[in-house]
Structures are given as C-alpha cells and as structure tokens.
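S.K.: Curious how this folds, go ahead:
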Amino acid sequence: GVFFIRVRYTGYMPPVISGQSMALFNNLANLWFATWWIILPIFLFPVFIKMWLFYIRRDYVTKLTWVMLQVRVPAEVLKTPKAMEQVFAAAHGTYSYGIKPFDKWWNGEIEHWSSFEIMADANGPRFYIRVIANHQKMLEAAIYSQYPDAEIQVMEDYAAKFPLVLPNDMYDMQGADFVLGKNDAFPIRTYEYFEAKEADEKIDTIGTLMEALSHHAGDETTWIHVMIRPTNNAWIKKAEEFRDEELLMTKDKKPKRADFIKAFFKNLFHAPFLKEDEELEWPEIKKGEKIKMMELIPSKKIKLEAIDMKLSKLAFETVVRWVHINRREDYNLANTAGIKAWSKQFSDENLNILMPYLPTYTVVAKWPFKKRKQYVKKRLLYENAIKRRFPSKFSMLNIEELATIYHFPSATVKTPMLGRVEAKKGTPPASLPIE
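M.R.: A predicted model of the protein is given here:
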C-alpha cells in the first residue's frame with residue numbers, strides 16, 4: 001500500500017533578509033544609482049579604446065594604395081646577398097620616426113609595412129614586392145642601385161585570381177607564420193656562414209627553396225611572404241638587458257627543499273638558546289654576480305659576439321608567411337617538405353631557429369574537434385595572406401638576416417624554371433648613326 005506522512009512545522013522561521021541587511025542593500029543600490037555614470041565608464045574605457053583603435057585602423061588600412069612589383073634579374077648575377085642587405089636598409093627609410101598623436105588616435109595611422117614575396121606555380125617561382133604606392137620609387141631606386149640590369153614591372157596582384165575563401169570543396173591548403181624560436185636577441189644563421197673563400201664553393205641559401213618550388217604542376221601554388229615593418233630602437237634595450245642577464249651574469253641560486261629542512265631542525269635546536277640580538281637563519285636566494293669577459297666559456301663568447309653583431313644593424317618587425325594551395329584530389333603533404341628544409345638551414349642550436357608559430361600552423365591541432373580547429377586555422381591564415389595582414393606575433397630580424405632569407409638568386413642557382421631576364425640591357429654605341 002501507499003503510506004502518507006503528514007508533517008507539521010511548528011517552529012519559528014526567521015525572515016530571509018533581516019531589516020539591517022535590507023537597509024545595507026538599499027544603501028548600496030542608492031550609491032550605485034548615484035555613481036554608476038562615473039564608475040562604469042572607468043571600467044569600459046579600455047574596451048572602448050581597443051574598439052576605437054581597431055575601427056579607425058581598419059579604415060586607414062583599407063584606404064592605403066598598394067603596388068605589386070615583379071622583379072627579374074639576369075641569370076649571371078654574381079652578387080651575394082650583401083646587395084639585398086642594402087635594399088632592405090633602404091626599405092627602412094619608410095619609418096615614420098614616431099606617428100603624431102592626432103594621426104594615431106583620430107586617423108588610425110599605423111606604421112607602414114612591405115611584403116617581399118615569392119610565388120611559385122607550374123610556370124616556376126617568381127619574385128614580387130608589395131609596397132605602399134608612395135614608397136614605390138624609393139624601393140625601385142634601391143633595387144636598381146644594386147642590380148642595374150634588373151627589370152621591374154607593375155603587375156596585378158596574383159592572389160586576386162584565387163577564391164576569397166579557402167579551403168573549399170575544390171581546393172585545400174596548408175601553411176604557417178614563421179617566427180624565431182628563441183629570444184629576438186639571438187640571430188639565425190646568416191649568409192656569411194655559407195660563403196666559402198672560393199667563389200665556386202659559395203652556397204646560395206635560396207637555392208634549396210628555388211629547387212623545391214620549381215616542381216609544381218597543375219594548380220599547385222606556393223606563396224612565401226616576408227613581411228617587414230620598420231621600428232625604433234626600443235627593442236635593442238630589451239635585447240641588451242637579456243644579453244647581460246643571460247650571458248654576463250651568473251644565475252640566481254635558489255635554495256633547495258633540503259636546505260629548508262636542514263635549517264628548520266637547526267633553528268628548532270637553537271631557538272631555546274637564542275639571544276635577544278640574534279635571529280634565526282633561513283636559506284636565501286643568492287643573487288647572480290657579474291662575469292668577467294675573460295671568464296666566459298667559448299659558447300657564451302660566440303653568443304655574445306652574435307648578439308652584438310645583430311644589434312649593430314637595422315632591424316624590422318618580421319614574419320615569414322607560407323601558404324601552399326592545391327586541388328584536393330592532388331594534394332600531397334609531402335610536397336611541402338622543401339619549405340621545412342629551407343627554413344632548417346637557418347637554424348643554429350646555439351643561437352636561434354626559424355620555426356612555424358604553432359597557433360597558425362595548419363597541420364597542428366589538438367583533440368577534441370581537431371579537424372574543425374584545422375579548418376579555422378586555414379581560413380584565418382588564408383585570409384591574412386590574401387590581404388597581407390601584419391600579425392600581432394612577429395620577430396625582430398635585422399637586414400643581414402632578412403637578406404639571407406630573401407634575395408635574388410645568384411648564378412650558382414641553376415633552377416631552369418626560374419624567371420630571369422634573358423638578356424642584359426646596354427646603352428647604344430656612341431658611333432651609332434641616329435638617322
């Protein structure tokens with residue numbers, strides 16, 4: 001059967017909110033209604049600033065006029081990447097040396113950047129430079145000063161022929177933004193490391209990339225964007241502080257757990273006999289001491305010289321963006337191995353490495369929803385690449401490092417599909433009749 005129990009509560013239940021609590025609540029409410037118009041803007045002001053800067057900067061960038069330049073050099077170029085280093089030095093001339101507050105906060109003006117690019121398809125690799133129209137003449141003059149026989153043509157953006165959204169049902173893609181794997185103070189391995197005494201033994205660091213990009217077929221396409229933005233010398237001070245702490249100072253020595261245990265029992269024994277002017281002793285952190293130059297080990301001397309050499313040259317905020325596109329039925333991830341081999345040659349385990357920034361690396365994603373995460377990464381990377389957006393994550397590279405990564409191939413690079421000037425330009429002889 002079913003039994004019902006009837007319970008009658010005869011005790012006293014106090015009110016949920018006492019009179020004092022209600023009075024306190026009313027006072028707080030009155031205080032909020034009287035001061036919300038002061039408190040709320042204070043908390044929302046940082047949010048407003050970020051939204052305002054995002055809006056006006058986006059509007060400023062959309063109004064910029066860009067020019068796409070295709071650069072072709074003769075096959076018999078014997079110049080080293082040192083020539084390209086001078087081109088990058090000239091590109092630093094676009095620096096504003098500080099944007100005026102009115103232009104920054106009202107017009108949304110930001111520091112201009114450039115993109116030194118390589119595009120490869122079934123017709124072979126080609127070199128492009130995407131630059132603000134106002135800086136076109138200056139950059140052309142810098143290139144002609146180092147490569148007099150070069151041909152520079154204004155071209156349509158090759159990315160314009162691709163869909164606005166990738167991946168889609170027809171095409172798939174992979175890619176990443178490459179940044180430095182260690183502190184910006186450490187340089188990567190530069191072209192001077194690869195140059196032997198004999199001219200015939202010189203290794204062109206871009207040869208590996210040209211060979212990898214010369215075997216594309218069908219709709220397969222690769223983009224390499226070396227995006228650079230000039231900046232001030234504030235990063236040098238940070239790099240010098242890192243150098244001094246990392247190389248010229250011994251590290252702080254923290255006490256171990258065993259030291260605390262030993263000190264505890266020692267103090268426990270001495271505490272009853274402690275005098276008034278005495279204190280218990282506990283382990284403390286021993287501050288690092290400055291190391292003399294003569295006492296540096298060889299590996300630290302090499303690092304110190306490399307850092308000082310990097311800081312002595314002009315530098316840019318830099319990111320190297322890589323995108324590989326192909327039809328889904330033809331896509332093979334093994335075809336991207338050449339990019340990894342090219343980036344590995346700049347690595348020096350004692351100094352720095354050029355590596356994919358994992359949040360942008362489309363191959364890498366964790367469970368759960370791995371495929372969805374990879375798809376989102378691809379969408380964002382492709383949109384950033386096609387619009388040449390400068391990312392928030394970048395590294396500091398000087399002009400020597402940039403010239404190592406991006407320069408026009410020398411005569412030692414024999415890639416047959418490489419677009420070059422077929423013949424040199426020359427002036428007519430003085431004896432040539434005009435009529």
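
S.K.: Enumerate every residue touching Leu381.
M.R.: Contacts for Leu381 (C-beta atoms under 8 Å, 6 or more residues apart in numbering) come out as Met173, Gly175, Ala176, Asp177, Arg321, Val323, Thr360, Thr362. No exception for glycine: its C-beta is placed from N, CA and C like everyone else's.

S.K.: Could you dump those residues into a markdown table and include neighbour count, secondary structure and pLDDT?
M.R.: Formatted as a markdown table, these follow (neighbours: other C-beta atoms under 10 Å; DSSP: H, G, I helix; E, B strand; the rest coil; pLDDT from 0 to 100):
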| residue | neighbour count | secondary structure | pLDDT |
| --- | --- | --- | --- |
| Met173 | 21 | strand | 96 |
| Gly175 | 26 | strand | 96 |
| Ala176 | 25 | strand | 97 |
| Asp177 | 23 | strand | 97 |
| Arg321 | 24 | strand | 98 |
| Val323 | 24 | strand | 97 |
| Thr360 | 22 | helix | 96 |
| Thr362 | 24 | coil | 96 |
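
S.K.: Would you reformat these as CSV and include distance to Glu156?
M.R.: Shown next, in CSV, are the contacts of Leu381 (distance: C-beta to C-beta, whole Å):
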residue, distance to Glu156
Met173, 21
Gly175, 22
Ala176, 26
Asp177, 25
Arg321, 20
Val323, 18
Thr360, 27
Thr362, 27
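
S.K.: which two from the residues you listed end up farthest apart in space?
M.R.: Met173 and Asp177 (13.9 Å; C-beta to C-beta).

S.K.: if we can go back for a sec, quick check: of the contacts of Leu381, which lies closest to Phe116?
M.R.: Nearest to Phe116 among those: Arg321, at 11.1 Å, using C-beta to C-beta.

S.K.: Contact partners for that closest one?
M.R.: So Arg321 contacts Gly175, Ala176, Asp177, Phe178, Trp223, Ile224, His225, Met227, Leu381, Asn384, Ala385 (C-beta under 8 Å, 6+ apart).

S.K.: between the residues you listed, which is nearest Asn233?
M.R.: Among the contacts of Arg321, and counting by C-beta to C-beta, the member closest to Asn233 is Met227, at 20.5 Å.

S.K.: For that closest one, give me its contacts.
M.R.: Trp113, Ser114, Ser115, Phe116, Thr318, Val319, Val320, Arg321, Arg388, Phe390.

S.K.: Try it again at 10 Å.
M.R.: Residues in contact with Met227 (C-beta atoms under 10 Å, 6 or more residues apart in numbering) are 113-117, 130, 177, 316-321, 384-385, 388-391, 394.

S.K.: Filter those down to just the ones in strands.
M.R.: In this view, the contacts of Met227 that belong to strands under DSSP state E are Ser114, Ser115, Phe116, Glu117, Arg130, Asp177, Phe316, Glu317, Thr318, Val319, Val320, Arg321.

S.K.: out of the contacts of Met227, which are buried?
M.R.: Taking 16 or more other C-beta atoms under 10 Å as the criterion, what is buried in those is 113-117, 130, 177, 316-321, 384-385, 388, 390-391, 394.

S.K.: returning to that earlier point: quickly list what's touching both of Met173 and Asp177.
M.R.: Leu381, Ala385.

S.K.: before we move on, the earlier item: rebuild the contacts of Arg321 as CSV, extending it with distance to Glu140.
M.R.: Shown next, in CSV, are the contacts of Arg321 (distance: C-beta to C-beta, whole Å):
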residue, distance to Glu140
Gly175, 29
Ala176, 31
Asp177, 28
Phe178, 27
Trp223, 22
Ile224, 21
His225, 20
Met227, 19
Leu381, 30
Asn384, 27
Ala385, 25
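
S.K.: Show me the longest helix that occurs in this protein.
M.R.: In the chain, taking DSSP state H as the definition, the longest helix is helix 19-62.

S.K.: so Phe316 touches Ser395, yeah?
M.R.: Yes - between Phe316 and Ser395 there is a contact under C-beta atoms under 10 Å: 9.5 Å.

S.K.: picking up where we left off before, please identify the buried residues of the next helix or strand after the longest helix of the chain?
M.R.: Once the chain leaves helix 19-62, the next helix or strand it forms, by DSSP states H and E, is strand 66-72. By 16+ other C-beta under 10 Å, the buried positions in strand 66-72 come out as Val67, Met68, Leu69, Gln70, Val71, Arg72.

S.K.: Could you dump those into JSON lines with distance to Asn27 and pLDDT added?
M.R.: Formatted as JSON lines, the buried residues of strand 66-72 follow (distance: C-beta to C-beta, whole Å; pLDDT from 0 to 100):
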{"residue": "Val67", "distance to Asn27": "65", "pLDDT": "97"}
{"residue": "Met68", "distance to Asn27": "66", "pLDDT": "98"}
{"residue": "Leu69", "distance to Asn27": "69", "pLDDT": "97"}
{"residue": "Gln70", "distance to Asn27": "73", "pLDDT": "97"}
{"residue": "Val71", "distance to Asn27": "73", "pLDDT": "96"}
{"residue": "Arg72", "distance to Asn27": "78", "pLDDT": "93"}
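
S.K.: any residues touching stretch 266-276, and which ones?
M.R.: Stretch 266-276 has contacts (C-beta under 10 Å, 6+ apart) with Glu278, Glu279, Leu280, Glu281, Trp282.

S.K.: Tell me where the stretch 51-200 of the chain has helices.
M.R.: Ranges of helices in the stretch 51-200 of the chain, per DSSP state H, counting those that start in this stretch, are 82-91, 101-105, 136-146, 191-194.

S.K.: same check, this time on the stretch 251-400 of the chain
M.R.: 257-270, 298-311, 337-344, 370-387, 399-405.

S.K.: Show me which positions of stretch 147-154 end up buried.
M.R.: So, applying 16+ other C-beta under 10 Å, buried residues of stretch 147-154: Tyr147, Ala150, Ile152.
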